[in-house]
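**Q** Starting from these lines, generate the structure:
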Amino acid sequence: MSKNYINIYNNLINYSRNKDLYISLNRQDNFSDRLTFFLIHFAFFLKNYKKKENKEILQKIYDFNFRQLELSIREIGYGDQSINKKMKVYLNLFHAIVSEIHFWDDLDKNEKLKKLSIFLEDFTKIENLVEYFEDFNQNLSKKSLNFFLKGVSNL
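**A** Sure thing, here's the model as predicted:
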């Protein structure tokens, strides 16, 4: 079953590598920027599939994704103590993102802009990112969780 989870993880990584996301960044993107986009994509993913019947599988996906992130940080060369500190920061960031986008569908464009600006403060044209995540959210809502569990997809 973890093969299914790696497909979801790889999809989220691919979304976070989309060069169009970084157009309004006035510097070279870095690991932190990519990680933030990964976490935002993942938050939208969980928001869309959060149902009582999906609870157990979403917990496994959550655990798998954060384990993969930890492995990625290890590959960069951080030591065990640094990894624990970094993972705590990333988990807190992720939960802040989840909290901020929880009512995304009920927000107007200005409120969405403010929500994303909290996490993407180095970006100049957040409006484009609001549109991107609005489309991403809508595309997720059109597909079932099983769609993502069965293979690599392109939204």
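**Q** Any stretches of the chain with poor pLDDT?
**A** Applying pLDDT under 70 to the chain picks out residues 1-2, 151-155.
**Q** try 80
**A** Across the chain, the ranges flagged by pLDDT under 80 are 1-4, 77-81, 150-155.
**Q** And the helices in it?
**A** Taking DSSP state H as the criterion, the chain carries its helices at 2-16, 31-49, 55-76, 80-101, 109-119, 126-141, 145-149.
**Q** for those helices, which one sits closest to Ser24?
**A** Evaluated with Cβ to Cβ, these place helix 126-141 nearest to Ser24, the distance being 6.3 Å. For glycine as for every other residue, the C-beta is placed from the backbone atoms N, C-alpha and C.
**Q** helices or strands up against that closest one?
**A** Under the contact criterion of 3 or more Cβ pairs under 8 Å, 6 or more residues apart in numbering; DSSP states H and E, helix 126-141 touches helix 31-49, helix 109-119.
**Q** In a markdown table, list the helices of the chain along with distance to Ile23 and mean neighbour count.
**A** Listed next are the helices of the chain as a markdown table, based on distance: least, Cβ to Cβ, whole Å; neighbours: other Cβ atoms under 10 Å:
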| stretch | distance to Ile23 | mean neighbour count |
| --- | --- | --- |
| helix 2-16 | 14 | 17 |
| helix 31-49 | 12 | 21 |
| helix 55-76 | 24 | 15 |
| helix 80-101 | 21 | 15 |
| helix 109-119 | 15 | 15 |
| helix 126-141 | 7 | 16 |
| helix 145-149 | 27 | 15 |
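**Q** With distance to Tyr22 added, can I get these in a markdown table?
**A** Converted to a markdown table, the helices of the chain look like this (distance: least, Cβ to Cβ, whole Å):
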| stretch | distance to Tyr22 |
| --- | --- |
| helix 2-16 | 10 |
| helix 31-49 | 7 |
| helix 55-76 | 19 |
| helix 80-101 | 18 |
| helix 109-119 | 14 |
| helix 126-141 | 10 |
| helix 145-149 | 24 |
